[in-house]
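J.: Sharing a model prediction with you, sequence too.
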Amino acid sequence: MRLNLQDCTDIQAHIDLTKERLAQLGLSLFVDNDMTRFSAYLRRQPKTHGVPNTHDPEVTYLHPGNSFWVYVRDKATDRIVACHSQRLLVTDDFIEDCVTQTYFEDLTPNLDQVPIGLYPEAAQVRIGGRVLLGGGLYVHPDWRSRGLLIFNRCSRSIAIRHFRGDFLVGTLLNTPNRQGMAMGGVAYSHWVPCIRGGLPGKPQASDVIMAWSSRAEWLSTIRRDLAARDAGRPRQVRPAVRRFPQAGAAAAGSHD
């Protein structure tokens, strides 16, 4: 599906809406394609899950043509208080990339690869083409629960336009205390349990889920944001839809 003029108009309107909402809080939105600055910032911050390997330039091949990050700066202190990154993957099958762990785009193959515990629900999902993988969502503790997460949705709108993505994908850590933020603020259309046992070095996460939206679904999501603005009411985030409701309980906590 090609982006048309109305799509581009709505994407820009969503970015403008985000800047307006942040300005009301004394904040400004910026975008940068230097992922070294992203990883350096995230490593210095308190209460994070760390830099995800998929978005760490020390681990995987990132450059201005396949990745960027957005950040929110407090005008009063000139301090960055939130960030989120996006990277482009061109793939026939994102789930197969998860199984083989080639979505890191490492330059050297592994002789000894640790297998992942892939849930059968995830094995049924087919996502391919130009896939936009989000990662490293962070809001400083001083600014949590203050309505900042629209900047996270905005990063996807920027990515759809910049990389002309077919799908937006995120992985979410199963930490129940962040359920409202992950499923409400992230606002993907679907999720399934994906990786059993969490991520290496993160024993507090018993599971990882995968959440995603198609391009058309994300355009519908941002249009709901715009419609809520035009109606003069707060945006009502609808819960993400599960394709496989028979499997497990709702997971939470964002690593996206």
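T.: Thanks, I have the structure now.
J.: rest of the way, CA atoms for contacts and neighbours
T.: OK.
J.: Just the helices from the stretch 51-200 of the chain, written as ranges.
T.: Ranges of helices in the stretch 51-200 of the chain, per DSSP state H, counting those that start in this stretch, are 94-100, 120-123, 150-163, 179, 186.
J.: Let me know which of these is tucked in deepest.
T.: helix 186 (a mean of 25; mean count of other Cα atoms under 10 Å).
J.: chain center to that helix, what's the gap?
T.: Relative to its parent chain, helix 186 has a centroid offset of 7 Å by Cα atoms, centre = their mean, to the nearest Å.
J.: and it, average pLDDT?
T.: The pLDDT scores in helix 186 average 76.
J.: what does that helix rub up against?
T.: The set of residues external to helix 186 that reach it, using Cα atoms under 8 Å, 6 or more residues apart in numbering, is 149, 152, 153.
J.: on that earlier part again, with residue 227 as the reference, name the closest of the helices of the stretch 51-200 of the chain.
T.: Closest to residue 227 of these, according to Cα to Cα: helix 150-163, at 14.5 Å.
J.: what packs against the closest one?
T.: helix 5-24, strand 67-74, strand 79-91, strand 129-139, helix 215-230 (3 or more Cα pairs under 8 Å, 6 or more residues apart in numbering; DSSP states H and E).
J.: Kindly reformat the helices of the stretch 51-200 of the chain as CSV containing distance to residue 133.
T.: Shown next, in CSV, are those (distance: least, Cα to Cα, whole Å):
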stretch, distance to residue 133
helix 94-100, 10
helix 120-123, 16
helix 150-163, 9
helix 179, 20
helix 186, 13
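J.: Can you say which of these is nearest to residue 15?
T.: Nearest to residue 15, of all those, is helix 150-163, at 5.9 Å by Cα to Cα.
J.: got the angle for the closest one vs helix 5-24?
T.: Using axes from the mean of the first three to the mean of the last three Cα atoms, to 10 degrees, the inter-axis angle of helix 150-163 relative to helix 5-24 is 150 degrees.
J.: export helix 150-163 as CSV, just CAs?
T.: Coordinates of the C-alpha atoms in helix 150-163 are reproduced here as CSV (Å, rounded to 0.1, in the frame of the first residue of the first chain):
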residue,chain,number,x,y,z
ILE,A,150,2.0,10.1,23.0
PHE,A,151,5.7,10.8,21.9
ASN,A,152,6.1,7.0,21.7
ARG,A,153,3.2,6.7,19.3
CYS,A,154,4.6,9.7,17.4
SER,A,155,7.9,7.9,16.9
ARG,A,156,6.0,5.2,14.9
SER,A,157,4.3,7.8,12.8
ILE,A,158,7.7,9.3,11.9
ALA,A,159,9.0,5.8,11.1
ILE,A,160,6.1,4.9,8.9
ARG,A,161,6.7,8.1,6.8
HIS,A,162,10.5,8.0,6.9
PHE,A,163,11.0,4.2,6.2
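J.: for that helix, what is the average pLDDT?
T.: In this model, helix 150-163 has an average pLDDT of 95.
J.: next one: stretch 2-14
T.: Throughout stretch 2-14, pLDDT has a mean value of 96.
J.: who touches that stretch?
T.: Stretch 2-14 is contacted by residues 154, 157, 158, 161, 164, 219, 222, 223, 225, 226 when judged by Cα under 8 Å, 6+ apart.
J.: still on that earlier bit, out of the helices and strands packed on helix 150-163, deepest packed?
T.: Of the helices and strands packed on helix 150-163, strand 129-139 is the most buried (mean count of other Cα under 10 Å), at a mean of 24.
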